[in-house]
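# sequence and predicted model, in that order:
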2 protein chains.
Amino acid sequence: MNRPATSPLDRQLLAALRSSLGPVPIALVLRNTENLPNTNSPIIGTVRIADRSTLLAMVMNPELGFGDAYSAGRIEMEGDLVRSLECVYDSPGIRNWYWRLRSKWMDWAQANTRSGSARNIHRHYDLSNDFYRLWLDEQMLYTCAYFPKPDVSLEDAQEAKLDLVCRKLCLRPGETVVEVGCGWGALAIYMAQHYGVSVKAFNISHEQIVWARECAERAGVGSSVEFVEDDYRNATGRFDAFVSVGMLEHVGLENYPELGRVIHRAIGDTGRGFLHYLGRNHRQPLSVWIRKRIFPGGYPPTLAESLQFLEPHNYSVLDVENLRMHYARTIEHWLARFESAFDTVVREHGLEFARMWRLYLAGSIATFRVGKMQLFQVVFAGSRCQSMPLTREHLYTPDREETDNELWTRATY
Amino acid sequence: MNRPATSPLDRQLLAALRSSLGPVPIALVLRNTENLPNTNSPIIGTVRIADRSTLLAMVMNPELGFGDAYSAGRIEMEGDLVRSLECVYDSPGIRNWYWRLRSKWMDWAQANTRSGSARNIHRHYDLSNDFYRLWLDEQMLYTCAYFPKPDVSLEDAQEAKLDLVCRKLCLRPGETVVEVGCGWGALAIYMAQHYGVSVKAFNISHEQIVWARECAERAGVGSSVEFVEDDYRNATGRFDAFVSVGMLEHVGLENYPELGRVIHRAIGDTGRGFLHYLGRNHRQPLSVWIRKRIFPGGYPPTLAESLQFLEPHNYSVLDVENLRMHYARTIEHWLARFESAFDTVVREHGLEFARMWRLYLAGSIATFRVGKMQLFQVVFAGSRCQSMPLTREHLYTPDREETDNELWTRATY
C-alpha cells in the first residue's frame, strides 16, 4: 500500500520544531509526515499534530503552542506523557526571541501589585473547592508532602509534612504564629491542634478562607486560629514565629524586600521563620504556558535570589532542605486521583480544561524529576532568638525529650 | 585623698570612642579619666587604656586600634574578655570613613590572585605546626566541630564532624573524592579509612601538606590518599564527590565563578559536593584587624553570595545547615587549651603574638555567639546525580540500612 506523499513545507516545519527540541526520543508526526530524532535511544513517545497551523504555533512558541494545542485536543501524545515531558524539559533550547517577548509582556501584565496579586490568586485558587476536592487529600493540602518512606500514602505524607514544619519551627504551647498564604487552612489548624499555639493566618483567596474557617470550627480550634481574608502585606501584630508554605513563588522578586519588612514587623529580632516554596537551580522565568493558563504572576526563585531579602534584617538561615523528589511523588498521587476523576472534571469544566490540568500535573512531575524545579524549605531566626536547638536530630527522633542545654544559647546583657 | 584632675581632651576622646561603641556596659578608662555608658545594665568590664595616643588610634579606627593596642599590652581588659567582646560586636557603629578606606586598601593589597592566595595562606597556616599543636586536637582539625550533645569532648566533636561530612556526602566504598583546602589532612584520611574512598587533596600550605602526608602513611592509607601541594584552581581529574571544608572564606567573592568551573570540571553533572565555610547574615567585610593580623584576604560570604556560583552549572542545593553555635563551642575549647599553653606561646613567639592570638580566639567565640558570623555546611548535587537519599534521616540514625528505593531516582533515557 502506498503512503500518501509528504509535503516539503510540513517536513520543514517539523524539522524546525525538532531543532528547538533537540534529539529527544520522541517522534513528531503531522498527518503523513514523520520526523524522527537523530539518536540511538528507543523512541518512547509520539506527538501527533492535527494540522499545519498547530505545528506552526508550536514552532513559533513551543511551550505555549504545545500546551494550548494539547489542551484543545489538536495534539495527541502516544506513550507515557510524564516520561515524554521529562525528555522535553531536559532539552536546552525551546526558548526563542518570540518566547522572550511573550515572557516580558507577561511580567508586566501579571505583576504582583496588590490588585494584580488578588487577580492572579483568584484565577487559580478560586476555581472551586469542589474541583480541588476531586484530587487533593482530605485536608486539601495543595503543597509538597513529605515522604519519610517512599510508599507512605498521600494522606500520611501530608500529615508528616505538617508535623515536619512544626518541628522545624520548634513550636511550643502558648506561642503565637502568623501564617501568610494559608491555603485551605490545614497547617494553621494542625499547629493549633497538635502544638497548642494560636495562629493568625492570611490569604486573599475567598473560597479558601471560607473553607478554612469551617474546618477550624469543626476541629474545635476556632478560638485559637483566626483566618483573615487579606494581603500578606497588611499583616499586623507581633508573633513568635512566621510561616509561609507555597506563597513565595506567587510574590514576585520585586516584592521580596517588602515581604522581608513584613516578616521583621511580625517577629522582630527574637522570632523565627519558615519558608516553603518552589525554586530553581538557576534564574529562569516560569513557562509562558504555565503563567498564561495556570499560575499567573508565578516566579520560582533560586536560593540566592530568595535568601537575599533576609539579609537587611540580620536573619540567620539555620536550615535549608530540598524536597524536590517529594514533590514529584506528591503530584504522582494527585495525577492518579485526577485521572480517576477525569470524567467528572470533563463534565463539570469541559474537556479542554481537563486536558489542560492533566498536562499541568504531568508536566509538574516531569519538571521536578529532571530538576528543572526545586522545592526549598528554609528555617531562619532573628539575631536575638534563643530557642532553637543545637542540632537537627529532633526532626528525626520526635519522641526524644528536649533538654534546655541543647538550645542555641546567647549571652544577654 | 584627692584624685588628680582629669584632662578635658581625654574626656573628649573617651566620649568620641564611646559614641562609636554605643551604650555597651563597659567602662573606658584613660589614666584618671573614666567614661561610663548611659545604661542601666551593670558594668561587666573595664578597658584600661595606657596613653592618649593609644586612645586616639582607637577613636580613628576602633577595630585596628583596639586589636593592636591589646596585643601590645597598651590596653588591659578587666572582666570577662569574651563577654565584653560580645557586647562590643553587638554594637552597630564602629566602622567610620577611615575604616572604609583601610578596608578598601586591604581588598586590593590582599587580593586572592594565585600569588596573593599563596602569600595569604602562608602567613596564617605556615606559622608552625608546633604552635597549632599546642591548642588544636590531636588530628589538627582547625575548623568547626560538631557537638551531638553540648558536653562532648573536642576530640569526639571533631570526629563527629568528620563523620557528619561523610554521611552528608553519602560516600560509598570505591568512590573517588577531590578535596580542596585540606588543612592537615584529617578529613581526607578519615574518608579513606572509614568510607573506603580514594581522595586527591589540594592545599597550598607547605607545612600542612608535609604533615598530612606523614599522617596518611602512619594511618596506612598512603596509597588511597594523594596530597597535592597546589592551588585549588589547578585541580584536575574526574571524581564522584567534591569537598571543601574551611576554604571558601579564603577564596574571595571575585573568584567564586572560577571555583564553580573547577567544581564542574571535577564532578560534572553526576557528582555531588559539600562546602563548609564561615559566612554572614548580611554583606560586610571582615574586621580590618583580623585581615591585617590574622586572616589576610579573608571574606565570609552570605548564603546568597556563596550559592550564586552554583547556578550556572545547574547544581541543586540539597541541604544547608548552620553550625554557628558549634563553632562558638569549638573555639571555647581552643581558647581554654591556648590559655593553658600561654606561657609556651609567649616563650616561642613573644608576648605580643600570644596576646594577639588570645584576642583573636576570644573575639571569634564572641562573634559566633552574637551571630556576627555564621558557619554554613552546604550539600549540592549535579542535575544527573542519582545517589542521594530522599530524606536526611540517615544523618541521625547512622546504623540504619539504606535501601535502594530511598534514593533520589531520576528517569534516564
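Cool, got the structure. Residues are numbered from 1 along each chain as shown, chains lettered A, B, ... in the order given.
# how about the closest residue to residue A:81 other than its chain neighbours, what does it touch?
Once flanking residues are discounted, residue A:81 sits nearest to residue A:362: 4.6 Å by CB to CB, 6 or more residues apart in numbering or on different chains. C-beta: built from backbone N, CA, C; applies to glycine. Residue A:362 makes contact with A:81, A:82, A:85, A:335, according to CB atoms under 8 Å, 6 or more residues apart in numbering or on different chains.
# okay, now the nearest residue to residue A:197 once chain neighbours are set aside: neighbour count?
Leaving aside its chain neighbours, residue A:197 sits nearest to residue A:175 (4.7 Å; criterion: CB to CB, 6+ apart). For residue A:175, the neighbour count with other CB atoms under 10 Å in any protein chain shown is 19.
# OK, contacts around residue A:175?
Here residue A:175 is in contact with A:195, A:197, A:198, A:240, A:241 (CB under 8 Å, 6+ apart).
# likewise for residue A:291?
Residue A:291 neighbours (CB under 8 Å, 6+ apart): A:106, A:110, A:285, A:297, A:298.
# any idea which element the third one lies in?
Counting by DSSP states H and E, residue A:285 is held by no secondary-structure element, helix or strand.
# hmm, who's touching the helix or strand encompassing residue A:19?
According to DSSP H and E, residue A:19 maps onto helix A:8-21. With contact meaning CB under 8 Å, 6+ apart, helix A:8-21 is reached by A:28, A:30-31, A:33-35, A:37, A:52, A:55-56, A:58-59, A:62, A:88, A:91, A:93-94, A:96.
# among those residues, name the ones in helices.
A:52, A:55, A:56, A:58, A:59, A:62, A:88 (DSSP state H).
# not counting its neighbours along the chain, what's nearest the fifth one?
What that stands for is residue A:59. residue A:16 (4.8 Å).
# one step back: tell me the one among the contacts of residue A:175 nearest to chain B.
For the contacts of residue A:175, the residue nearest chain B by CB to the nearest CB is residue A:241; the value is 17.2 Å.
# ok, the closest one touching residue A:274?
Yes: if you go by CB atoms under 8 Å, residue A:241 and residue A:274 touch, sitting 7.2 Å apart.
# identify the contacts common to the two.
Counting by CB under 8 Å, 6+ apart, the shared contacts of residue A:241 and residue A:274 are residue A:169.
# may I have stretch A:185-199 as CSV, with CA atoms only?
Coordinates of the C-alpha atoms in stretch A:185-199 are reproduced here as CSV (Å, rounded to 0.1, in the frame of the first residue of the first chain):
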residue,chain,number,x,y,z
GLY,A,185,-6.0,26.3,56.4
ALA,A,186,-4.7,22.8,57.2
LEU,A,187,-1.4,23.9,58.6
ALA,A,188,-2.8,26.6,60.8
ILE,A,189,-5.4,24.1,62.2
TYR,A,190,-2.7,21.4,62.7
MET,A,191,-0.4,23.8,64.6
ALA,A,192,-3.2,24.8,66.9
GLN,A,193,-4.4,21.3,67.5
HIS,A,194,-1.1,19.5,67.9
TYR,A,195,1.2,22.2,69.2
GLY,A,196,-1.1,24.4,71.3
VAL,A,197,-0.2,27.6,69.5
SER,A,198,-2.5,30.4,68.4
VAL,A,199,-2.4,31.3,64.7
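# pLDDT on that stretch, on average?
The pLDDT scores in stretch A:185-199 average 98.
# just to revisit the earlier point, for residue A:236, see how far away the residue nearest to residue A:197 is.
To residue A:236, residue A:175 is 18 Å away according to CB to CB, to the nearest Å.
# name the nearest residue to residue A:376, ignoring sequence neighbours.
Distance criterion CB to CB, 6+ apart; nearest residue to residue A:376, sequence neighbours excluded, is residue A:279 at 4.6 Å.
# contacts only, for the one you found.
So residue A:279 contacts A:249, A:300, A:301, A:302, A:303, A:306, A:373, A:374, A:375, A:376 (CB under 8 Å, 6+ apart).
# what's the end-to-end length of stretch A:44-63?
Criterion CA to CA, to the nearest Å; first-to-last residue distance in stretch A:44-63 is 20 Å.
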